[in-house]
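Q: need coordinates for the below:
(one chain, ligands or ions: 1)
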Amino acid sequence: MKLKVPNEIRVGGHVYSIALSNDLKDSDCNAAVNHRLKVIVINTDRPESQKIEGLGHELIHIVNHVYNCNLEEDDVRRLSEGLFQVFSQLGIEVDWSAVPVKEWIFP
Ligand SMILES: [Zn+2]
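A: I've put the predicted structure just below:
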C-alpha cells in the first residue's frame, strides 16, 4: 500500500507545509520542523527508511507541540521508530510525488 504524502498537513488548527530539501545534508537530522514557519523539511540526503521515520518523528513533535503532550526528545524517538517499524511491517510505502523539493536556508 502506498501512502501519498501531501504537501501540507493539518494538526489541530495549524497547517504545516512539507518539503524535501538537501538543506539538512550536513546535519544529523533525517528531518526537522519549524513551528514558527509551520514547515517540515525532509532530508533528501537520507535513505528512504530514514526519510519516512523522519516525517513521522516531526509529525509527533507537532502533535506534542499543538496538544502540549510534554513528550521529551527520547519519547519522540521511541514513538517514531516504533511506528515506522509497524508501518514497514504492514507493507506501507511512501509516495513523495506531491512533496516539493526546495532549496531553502532552514533557520
Ligand atoms: Zn526530534
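Q: in the protein, which strand is the longest?
A: Within the chain, and with DSSP state E defining each element, the longest strand by residue count is strand 14-21.
Q: pLDDT on the biggest helix by length in the chain, on average?
A: As assigned by DSSP state H, the longest helix anywhere in the chain is helix 48-67. Helix 48-67 carries an average pLDDT of 97.
Q: in it, which residues are buried?
A: Neighbour counts using 16 or more other Cβ atoms under 10 Å place 50-64 of helix 48-67 among the buried residues. (Glycine included, C-beta is placed from N, CA and C.)
Q: quick one: the helices in this protein, in order.
A: 48-67, 73-89.
Q: tabulate the ones you listed (a markdown table), appending distance to Leu37.
A: Formatted as a markdown table, the helices of the chain follow (distance: least, Cβ to Cβ, whole Å):
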| stretch | distance to Leu37 |
| --- | --- |
| helix 48-67 | 12 |
| helix 73-89 | 19 |
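Q: among the ones you listed, which is nearest Ser17?
A: Ranking the helices of the chain by proximity to Ser17 (Cβ to Cβ) places helix 48-67 first, at 11.8 Å.
Q: pull the residues that contact the closest one.
A: The contact list for helix 48-67, computed with Cβ atoms under 8 Å, 6 or more residues apart in numbering, reads 5, 9, 11-12, 14, 16, 18, 20, 29-33, 35, 40, 42-44, 46, 69-71, 76-77, 79-81, 83-84, 87-88, 94, 96.
Q: mind running it again at 7 Å?
A: With Cβ atoms under 7 Å, 6 or more residues apart in numbering as the test, helix 48-67 has contacts from 5, 11-12, 14, 16, 30-33, 35, 40, 42-43, 46, 69, 71, 76, 79-81, 83-84, 94.
Q: can you give me the angle that helix makes with helix 73-89?
A: Calculated by axes from the mean of the first three to the mean of the last three Cα atoms, to 10 degrees, helix 48-67 forms an angle of 130 degrees with helix 73-89.
Q: and the angle for helix 48-67 with strand 14-21?
A: 160 degrees.
Q: just how off-centre is helix 48-67 within its chain?
A: Its chain's average C-alpha position is 4 Å from that of helix 48-67, according to Cα atoms, centre = their mean, to the nearest Å.
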